[in-house]
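Give me the fold of what follows.
(chains A and B)
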Amino acid sequence: MPVRIGLLTEGGYPYVSGDARLWCDRLVRGLGQHEFDIYALSRSERQEDEGWLELPPQVNRVRTAPLWTAEDDGVTLGRRARRRFAENFEELAAVLCAGDGQAPEVADGVQGEPGEPSTDVADRFANALYGLAELARDEGGLVAALRSESAVRALERACRAPGALRTAREARVPELLTVAAHLERALRPLSLDWYEDDALGSVDLCHATAGGTAALPGLLARHFAGVPLLVTEYGVQLRTHYLASADAPPAVRALLAAFHGRLAAEIYRRATLITPGNSHTRRWQERCGADRTKLRTVYPGMEASRFAEVGEAPDGADPDTLVWVGRIEPAKDLISLLHAFADLRKEEPKARLRIVGAPSGIEGEAYLGHCRALAAQLFPDEADGVHAVGDNPVSFEEIGGPEAPTLAEVYAAGTVIVLSSVVEGFPLSLVEAMFCGRATVSTDVGAVVEVIGGTGLVVPPRNPRALAEACVSLLRDPARRERLGAAARARALELFTVEQNIEAFHGIYLEIVSHAPVRRVVLDEAGEPLPFAAPAEAHVPGRWTGPMARVVARGGPTWATGAPVRATTPLPTTEAAR
Amino acid sequence: MSGLGELDRPGTPGSAEAWDARSEEWLGGSGEPGAEGEAPRVKGEVPGELSAVGQGAGDVRGAVDRDEAVSVVGQGAGDARVAADRDEAVSVVGQGAGDARVAADRDEAVSVAGSDAYDTAPITAAPGPRAAGPEGDAEQPHPRTAPEPTSRATDRKPAPTRRGAADPVKALMHRHRELCERAVDPLEIAAGLEAHGVTDRTAARFRHRDVFALAEEMYARVPRDEAAAPPSDAVAAQPPRAGWAVLALLPGVLCAAAVIGVRLTDGRLRLTAAVVGVLAVALAVRIALGRGPLSNPPGTHAWRTPPGTRLWTYWLLAYALLGDGLLRAAADGGPDGLPTGLAGGPWPTATAPVLALTLACAPAAWCAHHFAVRAGRKLATSRGLEDFADSVRPLLLGTFALFLCALTALLALCGAALDEPAAYAQALTLGALLLLARLLTVHGFTHAPTLALGAAAATEAMALSLDLIGRLPGCGFLATPVETVLDSWGPGGIPALACGAAALTLLFHTTRTLTRASAHAPANEPR
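Residues are numbered from 1 along each chain as shown, chains lettered A, B, ... in the order given. Prediction:
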């Protein structure tokens, strides 16, 4: 049975410069038996100008809306709508300022369950959010109202109210304005006209490709039309928010952190299933109140075919060569690697180290210069004899150079692949090395242990000596290298291929649809429901209940049976039928 | 590489040096048996040794390897079992998800540590951090260069305790002092710690289950002074841009040139000069309003000047130029010819007020700039919305009065220079109306200015048409109100009344809207 999936993205697919576009593209292309409707929020004008990726035929339609413009929708609320807005927004502001629902547990709850925001606070937040969403749906937009003075006033009152957060109490006018502007931006999906029955109301399930703002349309579609929501997070939006807003004043950070935290909790609460990309994301999600039974870790998939030749070929590595691959930046701790190599050279004088990668940004350039200087200092150039030209045992190369034509060949040339990061998310270069069937030594950071399992050596970060000894032990033992490499390749093929990723999502889609089918009531011309018009087991192209039948989501409001009437223009959305 | 890795990349530490100094402290806290409490050590028989440091509920079982030393550092609540035969020790850590099955070679001992927290047993193939000796050698370029490799036989002596390990969290807090003091909730500390490479296994060294628990302790222990931090009054001083100041002078200069041109020429040439002058001034005004403090905020479609406002403004200015003369001529039996652009003649034109108004673009721009800058400063320093409104209201009125003074002076100057009546009442009210309308438009309120300008223009048009219709037979009563005004104040009374009423209304509206903080919100969103 084909499933109709509403794919929700924010600053991602189908834009050329979007986040996670490769993953989404593979997912959509890999699941050709299903239908996809893409609902994309764009992040900047530049992103919109750069255009879209080429879309496969299973994409039925793409609707986009900008998150970046300060476009005023020109909706002026009437008196009653203004009062509704004020009530709901005040409630929202009060929830944000009300302090943390988990505060009491923090003091002693070292071993207790991860604190969940109290249900009271969560319910109040949800009520305020859905109240605003319903108002936006009735009135056609809330952009002007969210930017208005009454919103700022509501925020101020909430901050000055007794029992408000200590940091919120210190909020001054500029901070209030910043918070109001940010909230307006974050709540812009409320003003979209995506939740009607011809849009998100008609899909079988919503798949949000990230948390936060991207999942907000899915939350509203669930609220308005009962569409089940699947949330995939490869990085935690809340955590990104904390790191990105480090420079803001405390009051702004406190209020926005409260907003994003509560929004994440609400999304996790309402989502049918949540798929974190690794255990780190999973821990954050559990921390933010995600129910463990809803969590299914789905590892990101990587293209294995380009490493197949190297992985299956017999070991043709240069002897005694260590290879490091990645983007050169301070978090990779190449300094530590160079010191480890210095240690290693005392025992294996013939060893060579190849550092392959391009620096990222200005900081990376500076760091690369620093590393080159250190390498030159630690290792003088060496030559085979008095008549040969010397060379440094440490080389810095980039992919595409004469020594390193392709990534796969670089991995193939390495006797041992080394990873020396102090900070790491999901270590892609490690997975690539595993695909190539190389023995690896990595530092115990991020998701490294989760990725490598037992198929490589892991040492503590910032420990050059341990790194050196692990490398020496592998360099001296070809049989062990081979075994570890084979095991690593087997593990990677089992866990990190594109196929497993797509297959996992395919299964999850079917699971969700089987548990939460959207039962549609088909109406005849007189507006009476037609029994058995849409049997669950049949989904055929074209309509067989007559051209006049109208489809209304179960539980949809009565007015939705009529043709949609709109008094005002909604946010500008562009649509392209595919 | 695929873009997926980008998503989960934590932030990076600032510089290489910043964490170099820290690194050995972590290591110092990491593997010290003295600091860790229970540290079962299993001695090997012949040359090799297997030592395992199991923290928490670690269950360590070891078989001894003949050739190489294997050290297992199992932190957390996991079981770590290492089996080693003579060749090889491969340890496979089975995940809770139950998806790792690695087929083992025949001659290889594989032990599967099936722990639910699958990230608990990193295998180190080296004696590990316990061997870290003195560091910070002055000769060496890097403080972390390891000391001379000690022989394995001598590796058994306990590592020297480097630092008082009584309260490791305190040291960690000291290291992340800024992060802790700044944090608004524990999760922010957790995010910051993770960005600096602290993992759950690091947290286990501080006797915490995970980073979140560690962050909560740190958050709870940060001393917080109740006194509010002093507000940062750092208002970014914007570099003064002279561009708009020059452009604001352009309409006045062009208008003066046009007036001189009209006065010096005659016949067809005068008509040409007048038309060219009017077009040039209109263009100059648009340019002057397109930049600087009188311009609309960028990128806001809905805030653009609505066409109605523009139309009514043109009408009001045209009336100021020609209206009084027309009424006066009508009183004498109707204009007997087209306006000549001079004060005399059958249809006299009032060039002095219009010249003064175009010249007033410069003071208007300056006033708007002054108002925006001062209001921005007050915004940064006021504590509440009421405070802000109270402090902005006098500023607004003062700016308004300042503009009126400047306009009065310009009117007097132009009247004297052109040797014409200055028409203070009409020009001042019109100037006030236009300034207020522009201020409101600039701050995003476009509705009220259109209404006020439209009302003033309609009043003028109605007065004019009533006066003309009143001369038809039987319609004389229609012109009575106009006649009354004309009799008491002369032709200048009509625009003065129309614009004055509109300006007053708008002034009242302005004191209510432009004193709102939301009107002064910075509208610079990233595009």
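
After the helix or strand hosting A:Cys471, heading C-terminal, what element do we hit next?
According to DSSP states H and E, A:Cys471 maps onto helix A:464-475. Later in the chain than helix A:464-475, the nearest helix or strand by DSSP H and E is helix A:478-495.

show me what contacts A:Tyr13?
A:7, A:20-21, A:24-25, A:28, A:38, A:40, A:53, A:209 (Cβ atoms under 8 Å, 6 or more residues apart in numbering or on different chains). Backbone N, C-alpha and C define where each C-beta goes, glycine included.

quick one: pLDDT of it?
A:Tyr13 carries a pLDDT score of 83 in this model.

And for the closest residue to A:Cys206 other than its chain neighbours, the neighbour number?
Nearest residue to A:Cys206, sequence neighbours excluded (Cβ to Cβ, 6 or more residues apart in numbering or on different chains): A:Gly218, at 3.7 Å. When neighbours are counted by other Cβ atoms under 10 Å in any protein chain shown, A:Gly218 registers 29.

Check for me that A:Gly218 belongs to a strand.
No: according to DSSP: H, G, I helix; E, B strand; the rest coil, the state of A:Gly218 is helix, so it is not within a strand.

thinking again about what came up before, show me the contacts of A:Tyr13 that map onto strands.
Within these, residues falling in strands by DSSP state E are A:7, A:38, A:40.

can I get those in a markdown table with neighbour count and distance to A:Ala257?
Shown next, in a markdown table, are the ones in strands among the contacts of A:Tyr13 (neighbours: other Cβ atoms under 10 Å in any protein chain shown; distance: Cβ to Cβ, whole Å):
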| residue | neighbour count | distance to A:Ala257 |
| --- | --- | --- |
| A:Leu7 | 25 | 28 |
| A:Ile38 | 25 | 30 |
| A:Ala40 | 25 | 26 |
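
in whichever strand or helix holds A:Gly369, what's buried?
Assigned by DSSP H and E, A:Gly369 belongs to helix A:361-378. For helix A:361-378, a neighbour-count test (16 or more other Cβ atoms under 10 Å in any protein chain shown) marks A:363-364, A:367-368, A:370-372, A:374-375, A:378 as buried.

If I look at residue 186, what pLDDT would I see?
Just going to use chain A. A:Ala186 is assigned 89 on the pLDDT scale.

that's the wrong chain, I meant chain B
With respect to pLDDT, B:Pro186 has a value of 89.

List the contacts of it.
The contact partners of B:Pro186, by Cβ under 8 Å, 6+ apart, come to A:106, B:212, B:215-216, B:218-220.

Which members of those residues are the farthest-apart pair?
For the contacts of B:Pro186, with distances taken as Cβ to Cβ, the pair at the greatest spread is B:Phe212 and B:Ala220 (12.5 Å).

Which one's more surrounded, those two?
Legend: neighbour count by other Cβ under 10 Å for B:Phe212 and B:Ala220, higher for B:Phe212 (24 against 12).

what about the more buried one, which helix or strand?
Assigned by DSSP H and E, B:Phe212 falls in helix B:211-221.

Any buried residues in that helix, and which?
Buried, per 16+ other Cβ under 10 Å, within helix B:211-221: B:211-219.

got it, and stretch A:346-366?
Neighbour count says stretch A:346-366 has A:348, A:351-357, A:359-360, A:363-364 buried, by 16+ other Cβ under 10 Å.

Do me a favour and get the end-to-end distance for that stretch?
Criterion Cα to Cα, to the nearest Å; first-to-last residue distance in stretch A:346-366 is 29 Å.

Off-centre distance for it?
On the basis of Cα atoms, centre = their mean, to the nearest Å, stretch A:346-366 sits 30 Å off its chain's mean C-alpha point.

From B:Lys170, how far off is the nearest residue to B:Cys180 once chain neighbours are set aside?
Excluding the flanking residues, the one nearest B:Cys180 by Cβ to Cβ, 6+ apart is B:Val222, at 4.5 Å. To B:Lys170, B:Val222 is 11 Å away according to Cβ to Cβ, to the nearest Å.

These two: which has the busier surroundings?
More crowded of B:Val222 and B:Lys170, by other Cβ under 10 Å: B:Val222, with 16 against 12.

related to what we said a few turns ago, helices and strands around the very next helix or strand once past the helix holding A:Gly369, which ones?
Following helix A:361-378 in sequence order, the next helix or strand is strand A:394-397 (DSSP H and E). Strand A:394-397 sits against strand A:352-356, helix A:361-378, with contacts defined as 3 or more Cβ pairs under 8 Å, 6 or more residues apart in numbering or on different chains; DSSP states H and E.
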